[in-house]
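Undergrad: With the input below, show me the fold.
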Amino acid sequence: MSLLCKSCGAPSNASASLFSFICDYCGTKNVDPEYLKQYASKIDIAKANHSFQLGLVAIKSEDFKNAEKHLEASVLEDANNSESWVYLALSKVALIKPSNYEKYYDSAIQCLNKAKLIQPDSDIYLNGSILVQSKLLETSTIGASYFIDTAYKKNLAYSGSSQAISAAGEEATKGLGLINNAYQLGIANAELASKALVYAAANCIEFKNKIGNYGDIEDKYKFYIAELNKIYIKRRDLVENELNLFTPQKSQIQKSLDKLSQQNNVLAANNANSSDNSSLSNGINKNLLIVAVVGVIVSGIYFISGEKKTAVSSNPSNISGSSQVSSPAKSETPVSVIESSSENKIDASCNLLDECVKKSLLAAVSEDVDSVRKLATFIDQIPKPDQGNRPISRKLNSEALELLRKNDFDSAVNIFKSAVKENPKDVEINSNLGFALVKGGRYKEAIAVLHNSLILDPRRTSTWTPLAEAYALDNKQNEALASMWIGLQWSADREKSVSYYAERIEKEKNDRPQLFELYKSILDWANGKKPDFRI
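TA: Numbers count the residues shown, from 1 in each chain. The predicted model follows:
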């Protein structure tokens, strides 16, 4: 019997394995949930260390707590066994609960990164990472349901007051943040992505119906619909299957998808007309015209979860009740928009943060995407600070953001610093501190803070972007341009980022010449005109 691809629906080829295959049509890796158990049965137990053997026995019986214990002992005994790291990542994800989410999520990602460093092209890593994504969505959904249920309970407990809506909104944001993490990690898997997006969109509708349009719930919903529409265009059947599980919200989600499709059709027609007109006129810059049109559609639909992997903006006017400031989108999986140059390859290994950052900037000069990615994995290995008092730190973060909206930069910086002291592991708060320092004109401090933020997450567009601004305003234009290019590589939405650059050019034209030159140069680079510069 032929298996069907989970992304495009095409049948598998005749030689496809029962447990995994690569689609001939779209190139998607398909993996059956039983893959790891089947793989384990083929391992030569005689050659495996004792702890690994015990871990496999526990995995087969789905005793993930004991599996975690034995596999942690196994990697201590043999740190170069990629199989141990993959099975340990699966155990970590399977044990995720609302109370330990961040700890176990981070641990699972670190385990996968270890396996990737050892055998990046092995079946056990490639297939295992897909199954970890699937398990993460399952456990994240359970955790999200807990937080969303708590949101409704808090609203009821406070009798529908403004305090009730605020408390409920914070809980719902936590839940949706978990789903966003699972979605970002499995964004390339259409089946997993559609499950996450439909679940999140349906819960946004339910929240608005029961409690109201708190904070950025509507913005979240728009983001989910925009992302879901990308899948809907290619795999209508996947999306409709998921919608059938949410009957009360199905009609509204369907209407939102249809409306967005109509807008996209209009956009496509406008782009076609603009293209025809530009071929007749020497006075129209085609690239900037497309940027402007795309910007109208994509502005306002970018989702910020208020949780892990969130974004910091260099445009405070966008702040409107969200838990942070927004900027060009970011994804766990980098979008390679410029091919790596075969020339000037650098040694893509490092041990210290400053060395890693410097080599990343050098790689950017050569458009060496591969080295930027590899260096990020080395930054992942740098020890991270311990988790602190998250509730207190998030409360301080909200207070500082409010001061930031009022342009009280010094006060915002002081409170952000207190928030970082409470929980130095929160990458969003660290980045917000760096952004506030940039706004307050304290560029050298900002550079130091944003450097340290990269230890927590080297793949964050919204850390590299304010770092680029800090460099530029500190008269380090070459480092600034290289940082901005790295940020573009990690962006999940290239068109939105390019549109953002165009907006900043106009904003900074008569204000800050350093930033005007920075955004003009990165826009030219994004459109294929690489500046000639060295570091």
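Undergrad: Just the pLDDT for residue 312.
TA: Looking at residue 312, its pLDDT stands at 35.
Undergrad: Where does pLDDT dip in this structure?
TA: Applying pLDDT under 70 to the chain flags residues 1-30, 33, 35, 41-42, 44-48, 159-160, 215, 264-345.
Undergrad: which residues in it form strands?
TA: 20-22, 29-31 (DSSP state E).
Undergrad: Just give me the neighbour total for residue 476.
TA: 18 (other C-beta atoms under 10 Å). Placement of C-beta: from N, CA and C, glycine included.
Undergrad: Could you check how far it is from residue 361?
TA: Here the criterion is C-beta to C-beta, to the nearest Å. By it, residue 476 lies 10 Å from residue 361.
Undergrad: now swap in residue 463 and tell me
TA: When residue 463 is compared with residue 361 (using C-beta to C-beta), they lie 14 Å apart.
Undergrad: same question, residue 388
TA: Residue 388 is 30 Å from residue 361, by C-beta to C-beta.
Undergrad: Please apply the same query to residue 226.
TA: 33 Å.
Undergrad: cool, and residue 84?
TA: 35 Å.
Undergrad: and if you look at residue 106?
TA: 26 Å.
Undergrad: Mind checking which of these two has more residues around it?
TA: Set side by side, residue 106 and residue 361 show more neighbours around residue 361, with 21 against 16, by other C-beta under 10 Å.
Undergrad: Disregarding residues adjacent in the polypeptide, which is nearest to that one?
TA: Of all residues not flanking residue 361 in the chain, residue 482 sits nearest, at 4.1 Å (C-beta to C-beta, 6 or more residues apart in numbering).
Undergrad: I'd like to know how many residues surround the one you found.
TA: For residue 482, using other C-beta under 10 Å, the count is 27.
Undergrad: List the residues that contact it.
TA: By C-beta atoms under 8 Å, 6 or more residues apart in numbering, the residues touching residue 482 are 360, 361, 362, 364, 365, 535.
Undergrad: For burial, what's the neighbour tally of the fourth one?
TA: It stands for residue 364. Neighbour number of residue 364 under other C-beta under 10 Å is 28.
Undergrad: Residue 372 is in contact with that one, correct?
TA: Yes. The pair residue 364 and residue 372 qualifies as a contact (C-beta atoms under 8 Å) at a distance of 6.7 Å.
Undergrad: what residues are shared contacts of these two?
TA: With C-beta under 8 Å, 6+ apart as the test, residue 364 and residue 372 both reach residue 486.
Undergrad: So this structure: which segments form each domain?
TA: Domains of the chain are assigned by automatic domain parsing as 1-28, 33-121, 127-298, 316-526.
Undergrad: just checking, which of those domains sits deepest inside the structure?
TA: Comparing these by mean neighbour count (mean count of other C-beta atoms under 10 Å), domain 316-526 ranks first with a mean of 20.
Undergrad: tell me how far stretch 149-168 is from the chain's mean position?
TA: Mean-position distance between stretch 149-168 and its chain equals 29 Å (C-alpha atoms, centre = their mean, to the nearest Å).
Undergrad: can you give me the helices in the stretch 1-150 of the chain?
TA: In the stretch 1-150 of the chain, the helices defined using DSSP state H, counting those that start in this stretch lie at 35-42, 50-60, 64-77, 82-94, 101-118, 123-157.
Undergrad: Tell me which of those helices sits nearest to residue 376.
TA: helix 101-118 (9.2 Å; C-beta to C-beta).
Undergrad: Give the other helices and strands that the closest one contacts.
TA: helix 82-94, helix 123-157, helix 162-185, helix 369-380 (3 or more C-beta pairs under 8 Å, 6 or more residues apart in numbering; DSSP states H and E).
Undergrad: export it as PDB, just CAs?
TA: The C-alpha coordinates for helix 101-118 follow below in PDB (Å, rounded to 0.1, in the frame of the first residue of the first chain):
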ATOM      1  CA  TYR A 101       8.000  23.700  30.000                       C
ATOM      2  CA  GLU A 102      10.900  26.100  29.500                       C
ATOM      3  CA  LYS A 103      13.500  23.900  31.200                       C
ATOM      4  CA  TYR A 104      12.500  20.800  29.200                       C
ATOM      5  CA  TYR A 105      12.000  22.600  25.900                       C
ATOM      6  CA  ASP A 106      15.500  24.100  26.100                       C
ATOM      7  CA  SER A 107      17.000  20.800  27.100                       C
ATOM      8  CA  ALA A 108      15.400  19.000  24.200                       C
ATOM      9  CA  ILE A 109      16.600  21.600  21.700                       C
ATOM     10  CA  GLN A 110      20.100  21.300  23.100                       C
ATOM     11  CA  CYS A 111      20.000  17.500  22.800                       C
ATOM     12  CA  LEU A 112      19.000  17.800  19.200                       C
ATOM     13  CA  ASN A 113      21.800  20.300  18.500                       C
ATOM     14  CA  LYS A 114      24.300  17.900  20.100                       C
ATOM     15  CA  ALA A 115      23.100  15.100  17.800                       C
ATOM     16  CA  LYS A 116      23.300  17.400  14.800                       C
ATOM     17  CA  LEU A 117      26.900  18.300  15.600                       C
ATOM     18  CA  ILE A 118      27.800  14.600  15.700                       C
END
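Undergrad: Between helix 162-185 and it, find me the angle.
TA: 10 degrees (axes from the mean of the first three to the mean of the last three C-alpha atoms, to 10 degrees).
Undergrad: which residues are in contact with helix 101-118?
TA: 75, 79-83, 85-86, 88-90, 92-93, 95-97, 124-125, 128-129, 132, 136, 140, 143, 178, 181, 185, 308, 377, 380-381, 384, 387, 390.
Undergrad: I'd assumed residue 454 was in contact with residue 427.
TA: No. Here residue 427 does not reach residue 454: they are 9.0 Å apart, not a contact under C-beta under 8 Å.
Undergrad: Find residues that contact each of those two.
TA: 460, 463.
Undergrad: then stretch 249-256 to PDB, C-alphas only?
TA: Taking Å, rounded to 0.1, in the frame of the first residue of the first chain, the C-alpha atoms of stretch 249-256 are listed here in PDB:
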ATOM      1  CA  GLN A 249     -15.000  28.100  15.200                       C
ATOM      2  CA  LYS A 250     -14.800  26.400  11.800                       C
ATOM      3  CA  SER A 251     -17.100  28.900  10.000                       C
ATOM      4  CA  GLN A 252     -15.300  32.000  11.200                       C
ATOM      5  CA  ILE A 253     -11.800  30.600  10.400                       C
ATOM      6  CA  GLN A 254     -13.000  29.600   6.900                       C
ATOM      7  CA  LYS A 255     -14.400  33.100   6.300                       C
ATOM      8  CA  SER A 256     -11.000  34.600   7.400                       C
END
